[in-house]
Structures are given as C-alpha cells and as structure tokens.
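**Student:** Build me a model from this:
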Amino acid sequence: MTAGEFTNAHPALSGFWHPVALSSDVGPEPVAVRLAGLGWALARIGGNLAAFADACPHRRARLSAGQVTDGTLQCMYHGWRFTADGRCVAIPALEDGAAIPERATLRRPAEVAEADGLVWLAPEPPRAPIPDLHPGVPLGGDAIATVHLPVLRVEANAAMLIDNFLDEAHLPFVHAATIGGAGPEPIPRADVERRGLSFTAVREHTFTNLTDPAVRDGARPAVQRRRMTYRYQAPLTATLLLEYLDAEGWQFLTFTVQPEDERTCRVYQTVTGPGMADEEQAESAAKYEMSIFDEDLELQRRALSGLEFPLDVAAELHTRADRVSVEFRRVLAAAVGA
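**Tutor:** Sure, this is the predicted structure:
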C-alpha cells in the first residue's frame, strides 16, 4: 500500500465507526465479524451488546466459537469466562480463590453501538459520529417504511463500491436493463457542500422516467423533473434521496460498506419510501434494487476487480461531470490522512 492508495485494511479506518452486523443477527450466541483485517466477537451479555478482539488471551482460541452462559462469555477451549467489560472472572483449571492474571482481560474496541438496525464498531476513538442514515428533510406520503436489502459479501475494494454508488455517468451503460434504459444524457455540474468529513451534492434535471405507472398509462409525460441529493460520510457510507418533482414521489437509498479484509467487503443497503409498509411493494422494491446492484457487481467482477483505488485526484482523468467523484476522493483522502 502506498500513501496515496486506499485499501480495505487501511490503518486509518480504525478511527471511524463501521457497520459489522445486522442487529437481528446478534442473538443469544456470539457472532464472528471481521473489520479491516482484524477479527471481533460480538455478544449480548446480561442484555448488553459487547465486542471483543476475537482471541482468548490464553491460547488465542476464537471467542466467537464460545457461548454466553450465566452472564459471561465462555471460551470453548478451556472454559475461561469473561464479563461484558472484558474482565476474566473464572479459570476452571485454577483452584478456588486463585489470582486471575491482569493480562486475562479482553481487548475491547473503543466503541460499539446499535443504530438503524445495524451494529456499529469503532476500534479506536472515532473521529466522526455514526453515519446518519436518514433523509434529513421532511418527506410525506402514506405507508412509509424502510426495507433492509440482503447483506452481501463481495470481493472488491470498498472505496470503489462507494465511488460506484456516487457515480451517475455509468448508469446508461452498466444499467441499460434497469434504471439506465433511457440512454446517455449530459450530467450538469452538481452543487456540492462540504462539512468536515462529509459532503452533500444536489442537482435537478429532467430524465425519462420508465418506472412511473402514470407514464405507462399515458397520464403523464415520460420526461420528468427529478432532484437528486447525494450525501457521503467518511469513510464508507453514502446515501441518495430521489425526489420525483412531477410524479410527487420520493425514494431514499442508503449504502454502507464493511471492509472485512484486503479482498472482501460486506454491503448493507436499505430503501425507504411511501408504500413500503405494504409487504408486496416492499418485496418488489427490494428485488428491483438488488437487480441494479447485481449489475454493479458484474461490473466489479469483469472490469474493476483487483484495481487499486488512488486517493490522488491527479492519478485519474476527471471531467466536469465527475464533480461528485472528485469530492469523494478528496474527503476520503482527508479522512485517512493521505
């Protein structure tokens, strides 16, 4: 790794919050997760969420293979037991009353928390708050709900996945069968507002709305106005608010990546909007969004797999249509100190 290159195990990632699991996936038994090349064990102990480096201090057995019993996490190898704050309170091979070595205390991350249906972990004191996965503006409609898409493990550079989510120019070519079917269109320069290690980019444009039922019925013209609000939060979270100004609808997408190690990531996505409380509509929306993501994954596999992600904007050729992508590289570089 060079100073100007981002990798999934970049050391600066330890100073930020990252999603590591769905809250619903952390139940009565410990769960193993990986973040930036390191293993962690998640557990609910005495009703509290806890996280530890996934290695018992005795023989480095994975604590995630153990069990929660009597308000402690028990290692499956020699039965050592640990409380939610990492203290070792029992070593069965020692006699009653024997002193427990101070080094038996488990290493914990700086922070672990739950928000928006996700477990978030920060190995070191975080430099920024947990990413905000809400639109940030009042939006109306009936039966509004949030749908969590299936979590996928993919082989990719995490920064490339975020860059792909923020990029509009690829839509007519990668997504010709879905959202890009109307063909290429010029991309005006977006209005970008940066705040610390995040930014918001907004643009309004006309587009051909092929998914509007009123278009198919002939009640509304296909060419419509749309406002797109992208938000990026370092290091690996992006959101997109789509407001259909003529069709008077909206949809809010979230996209956040857990870099597991140099080769793999886990991707967490949601879609929020009116009507999503209806089970059939929610299932249809999730299936449609996953079909779009499948097209992006095919792009990653065929054209981007194995590529480095340079943080120096001069390392690639950019045009004025790439304003958002350039800002992403600048903020990510600032976040990791490149």
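**Student:** Every contact and neighbour count from this point should use C-alpha atoms.
**Tutor:** Will do.
**Student:** Run through the stretch 101-250 of the chain and note the low-pLDDT ranges.
**Tutor:** Low-confidence segments of the stretch 101-250 of the chain (pLDDT under 70): 180-183.
**Student:** what ranges do the helices span in it?
**Tutor:** 158-166, 171-174, 213-216 (DSSP state H, counting those that start in this stretch).
**Student:** most packed of those helices?
**Tutor:** When the helices of the stretch 101-250 of the chain are scored by mean count of other Cα atoms under 10 Å, the highest mean neighbour count falls to helix 158-166 (a mean of 22).
**Student:** what's in contact with that helix?
**Tutor:** Contacting residues not belonging to helix 158-166 are listed as 6-8, 230, 236-238, 255-259, 265, 296, 309, 324-325, 328 [Cα atoms under 8 Å, 6 or more residues apart in numbering].
**Student:** Show me what the mean pLDDT comes to for stretch 258-278.
**Tutor:** Stretch 258-278 carries an average pLDDT of 96.
**Student:** mind starting the numbering at 41 from now?
**Tutor:** With 41 as the first residue, the last one maps to stretch 298-318.
**Student:** buried residues in that stretch?
**Tutor:** Within stretch 298-318, the residues that count as buried by 16 or more other Cα atoms under 10 Å are 298-317.
**Student:** that older thread, tell me which of the helices of the stretch 141-290 of the chain lies nearest to residue 235.
**Tutor:** Each of the helices of the stretch 141-290 of the chain was checked against residue 235 via Cα to Cα, and the shortest separation belongs to helix 198-206, namely 17.2 Å.
**Student:** now that closest one, how far from the centre of its chain.
**Tutor:** The gap between where helix 198-206 is centred and where its chain is centred comes out at 11 Å by Cα atoms, centre = their mean, to the nearest Å.
**Student:** Export the helices of the stretch 141-290 of the chain to TSV and append columns for distance to residue 103.
**Tutor:** TSV is the format used below for the helices of the stretch 141-290 of the chain (distance: least, Cα to Cα, whole Å):
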stretch	distance to residue 103
helix 198-206	27
helix 211-214	42
helix 253-256	52
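**Student:** closest to residue 242 out of these?
**Tutor:** By Cα to Cα (comparing all of the helices of the stretch 141-290 of the chain), the closest turns out to be helix 198-206, at 11.7 Å.
**Student:** can you give me the mean pLDDT across stretch 56-67?
**Tutor:** Here the average pLDDT along stretch 56-67 is 97.
**Student:** And that stretch, end to end?
**Tutor:** 25 Å (Cα to Cα, to the nearest Å).
**Student:** burial count for residue 238?
**Tutor:** The tally of other residues near residue 238 (other Cα atoms under 10 Å) stands at 21.
**Student:** Could you verify my assumption that it touches residue 277?
**Tutor:** No - taking contacts as Cα atoms under 8 Å, residue 238 lies outside contact range of residue 277: 9.5 Å.
**Student:** hang on, the earlier thing: tell me which of the helices of the stretch 141-290 of the chain lies nearest to residue 86.
**Tutor:** Of all the helices of the stretch 141-290 of the chain, helix 198-206 sits nearest to residue 86, with 34.4 Å by Cα to Cα.
**Student:** okay, which residue is most central for the protein?
**Tutor:** In the chain, the C-alpha closest to the average C-alpha coordinate belongs to residue 296, at a distance of 1.6 Å (Cα atoms, centre = their mean).
**Student:** residues contacting the closest residue to it other than its chain neighbours?
**Tutor:** Spatial nearest neighbour of residue 296, excluding adjacent residues (Cα to Cα, 6 or more residues apart in numbering): residue 277 at 4.2 Å. When contacts are counted by Cα under 8 Å, 6+ apart, residue 277 is found next to 171, 202, 294, 295, 296, 297.
**Student:** which among those residues gets closest to residue 215?
**Tutor:** Among the contacts of residue 277, residue 202 lies closest to residue 215 (Cα to Cα), at 16.5 Å.
**Student:** Counting by contacts, list what the longest helix along the chain packs against.
**Tutor:** Taking DSSP state H as the criterion, the chain has its longest helix at helix 319-339. In terms of contact count using 3 or more Cα pairs under 8 Å, 6 or more residues apart in numbering; DSSP states H and E, helix 319-339 is assigned the packing partners strand 185-188, helix 211-214.
**Student:** quick one on the thing from earlier: relative to residue 353, which of the helices of the stretch 141-290 of the chain is closest?
**Tutor:** Taking Cα to Cα, helix 198-206 is the member of the helices of the stretch 141-290 of the chain nearest to residue 353, at 12.9 Å.
**Student:** Okay, and the beta partners of the nearest residue to residue 153 once chain neighbours are set aside?
**Tutor:** Taking Cα to Cα, 6+ apart as the measure, residue 153 lies nearest to residue 160, with 5.3 Å between them; neighbours along the chain are not counted. Applying DSSP bridges to residue 160 gives these bridge partners: residue 59, residue 153.
**Student:** Residue 160 and residue 149 touch, don't they?
**Tutor:** No - using Cα under 8 Å, residue 160 is not in contact with residue 149, being 10.7 Å away.
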